[in-house]
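Undergrad: pasting the sequence and the predicted coordinates here, then a few questions.
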Amino acid sequence: MKIKTYDLERGDGISRALPKAIEESAISIIIFSENYASSRWCLDELVHILECKKEKDHIVLPIFYGIDPSHIRHQKKTYADAFFEHQERFEDEMDKVEEWRQALTRAADLSGWDSRGK
């Protein structure tokens, strides 16, 4: 397998270049951290990665960096806090917020690596 990297040039829109890079990749490694869910960019990326997994047999490897996967699966602790803010900020886009919730649950159910050594 050849590993291809993608360099985004200054001025390239990440929102345009990143989905294409994901689609052209065979594998995505998602590093879940304590504050991952606070980023709309990360959540949108996650949704796209999981769509590629479903449609193209894209390999997805989650890494749970210092976070219990159940906190992601059930949106507890910092993930609950992030979603409280998302619900307020995106009150007119609750379908998007729900899509993020479902994506996190699906991703946390995947076999991955837990940095906590459990």
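TA: Arrived safely, thanks for sending. This structure is a prediction, so every number in the text was calculated from the model and none was measured. Numbers count the residues shown, from 1 in each chain.

Undergrad: right, and residue 60 touches residue 107 too?
TA: Yes. Counting by C-beta atoms under 8 Å, residue 107 is a contact partner of residue 60 at 7.1 Å. Placement of C-beta: from N, CA and C, glycine included.

Undergrad: what touches both of these two?
TA: 30, 50 (C-beta atoms under 8 Å, 6 or more residues apart in numbering).

Undergrad: the two: which has the busier surroundings?
TA: It is residue 107, of residue 60 and residue 107, that has more neighbours when counted by other C-beta atoms under 10 Å, with 23 against 18.

Undergrad: just the buried residues of the host helix or strand of residue 17, please?
TA: For residue 17, the enclosing helix or strand under DSSP states H and E is helix 14-23. Buried residues in helix 14-23, counting neighbours by 16 or more other C-beta atoms under 10 Å, are found at 18, 19, 22.

Undergrad: which residue is the nearest non-sequential neighbour of the first one?
TA: I take that to be residue 18. Nearest non-adjacent residue to residue 18, counting by C-beta to C-beta, 6 or more residues apart in numbering: residue 45, 6.5 Å away.
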